[in-house]
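**Q** everything below, folded, please.
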Amino acid sequence: MGVDRGSDRPVYKQVADGLRAAVRGGELADGAVLASETELMARYGVSRNSVRNAVALLRVEGLVVTEHGRGTFVRAQRPLRRLSSSRYSKAEEDAPDDQQLLGVEVVDAPQDVVDRLGLEVGERVVVRRSLLSLEAEPVGLADSYLPLGIAEGTALEGFEKIEGGVHALLEHGLGYELGRFVEELTFRMPTPEEARVLRMGAGVPVVRVLRTLFDTAGRALEVSDCVLAGDRHVLVYEVPAS
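**A** Predicted structure coming up:
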């Protein structure tokens, strides 16, 4: 295996092409260690600098991660399938297996939440902040905003785990008849804090899912602001054809 010296494509990109194909073709599985720089130099007949540039390119693409003192590994690609507006599924498991509540507080509603909940400027909301994980690996952050008029004096203000989740409490505990969701998706690069908390590699984007829950009367009950690691989710929507 070598590179085409007559090609206009830079040598390091040709090396990256070969390694990328091995990852996507399954020759290098999730968690597999890449060959050493010396081995890759011999395999492709290139300089150490070309190998380093190739691996750096794959890191930027989010395909590999380098752990100092251990080597470079294929980044685990086990995306969750997020179906419709409310469920997750995966080949082996049905959902993130842990939702860690990070905090609950009463705050002034951000402007985008004000707009979607139909609140007055400066009106306060309860926000419940959570970290979503799968097999101890963080996969997303979720902030749930609820009007203070709905949440005040209920378990939504508390730090205890809500059995069945926020939507179950709204429907079965507080008597709201849930009607529909409206979701807005934005794709961007993570903030430094998001990248740190979600343990994201360089070059990996996030998907922001801003979801508004309405009851059957058209009243907005909740705005959920989720930031999902782009390499760990597949969003699937079923839309009627007519």
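**Q** quick one: the strands in this structure?
**A** Defined through DSSP state E, the strands belonging to the chain, from first to last, are 64-67, 71-74, 80-83, 87-89, 98-108, 124-134, 137-147, 178-188, 206-215, 220-229, 233-236.
**Q** can you list contacts of the second one?
**A** By that I understand strand 71-74. Residues outside strand 71-74 that contact it (Cβ atoms under 8 Å, 6 or more residues apart in numbering): 23, 28-34, 36, 55, 59, 63-67. All C-beta atoms are positioned from the backbone trio N, CA, C, and that covers glycine.
**Q** could you check how far the residue lying closest to L174 once chain neighbours are set aside is from I162?
**A** The shortest distance from L174 to any non-neighbouring residue, by Cβ to Cβ, 6 or more residues apart in numbering, is to T154 (6.5 Å). Taking Cβ to Cβ, to the nearest Å as the measure, T154 and I162 are separated by 10 Å.
**Q** quickly list what's touching both of these two.
**A** L169.
**Q** before we move on, back to that, any chance of the strands of the chain in CSV, plus mean pLDDT?
**A** Rendered in CSV, the data for those read as follows (pLDDT from 0 to 100):
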stretch, mean pLDDT
strand 64-67, 84
strand 71-74, 89
strand 80-83, 62
strand 87-89, 43
strand 98-108, 92
strand 124-134, 93
strand 137-147, 93
strand 178-188, 94
strand 206-215, 95
strand 220-229, 95
strand 233-236, 84
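**Q** among those strands, which comes closest to Q14?
**A** In this view, the strands of the chain are compared for proximity to Q14 by Cβ to Cβ, and strand 64-67 is the closest at 16.8 Å.
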